[in-house]
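1. When you get a sec, could you give me coordinates for this:
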Amino acid sequence: MARKARIDAPGALHHIIVRGIERKKIFRSDYDRRNFLNRLNNLIPETQTECFAWVLIPNHVHLLLKTGLIPVSVLMSRLLTGYAVWFNKKYSRHGQLFQNRYKSILCQEDIYLVSAEFLFYERNALLSIAVYAIF
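-> Here you go, the predicted model:
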């Protein structure tokens, strides 16, 4: 049975969740986090996507993205593939880095932006403070 197509259109707001396979770490150091964020930072203007929030936890990622002219799936494919290839090469590993495909929750902008920022902070504050502090 085929997967459902993702709903996406310019201006759509997505809460994206990416998990490491078998709940393993996808970030082992601050350098790994910087590499991921640099890749995201380079893709944002290319895809004309807006990034409202991000949280990098050792074994998963939360992103709050607003689709630009290019679908979010294109950004995520380039981001995750590029990072996984780099990560596998750096740590001499093979195989998948991420569990399944990323999860994308389509959101109502007004309500979600306020509640998501609080939720991102509240749930992941202790784990993400160090990430925000290094930039």
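2. from here on, contacts and neighbour counts on C-alpha atoms
-> Noted.
3. got any ranges where the chain has weak pLDDT?
-> Applying pLDDT under 70 to the chain flags the ranges 1-3, 5, 109-135.
4. which stretches of it form helices?
-> Under the criterion DSSP state H, the chain carries helices at the ranges 30-47, 72-90, 109-133.
5. and stretch 49-65, how far from the chain's centre?
-> 4 Å (Cα atoms, centre = their mean, to the nearest Å).
6. mind listing what's buried in that stretch?
-> By neighbour count on 16 or more other Cα atoms under 10 Å, the buried set for stretch 49-65 is 49, 51, 54-65.
7. Put together TSV for the residues you listed, with distance to residue 41 on each row.
-> Converted to TSV, those look like this (distance: Cα to Cα, whole Å):
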residue	distance to residue 41
49	10
51	9
54	11
55	14
56	14
57	18
58	19
59	20
60	18
61	15
62	15
63	12
64	14
65	12
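8. Could you list which of these belong to strands?
-> 51, 54-57, 60-65 (DSSP state E).
9. ok, these vs residue 31, which is closest?
-> residue 56 (12.3 Å; Cα to Cα).
10. wait, isn't the closest one in contact with residue 62?
-> Yes - using Cα atoms under 8 Å, residue 56 is in contact with residue 62, at 6.7 Å.
11. hmm, back to that, I'd like the ones in strands among the buried residues of stretch 49-65 written out as a markdown table, with distance to residue 7 added.
-> Formatted as a markdown table, these follow (distance: Cα to Cα, whole Å):
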| residue | distance to residue 7 |
| --- | --- |
| 51 | 18 |
| 54 | 21 |
| 55 | 23 |
| 56 | 24 |
| 57 | 26 |
| 60 | 22 |
| 61 | 20 |
| 62 | 18 |
| 63 | 17 |
| 64 | 15 |
| 65 | 14 |
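12. Tell me the one among the residues you listed nearest to residue 24.
-> Once Cα to Cα is applied, the member of these that ends up nearest residue 24 is residue 60, at 8.7 Å.
13. Could you pull up the residues touching that closest one?
-> 17-20, 23, 25-26 (Cα atoms under 8 Å, 6 or more residues apart in numbering).
14. Distance of residue 19 relative to residue 68?
-> 24 Å (Cα to Cα, to the nearest Å).
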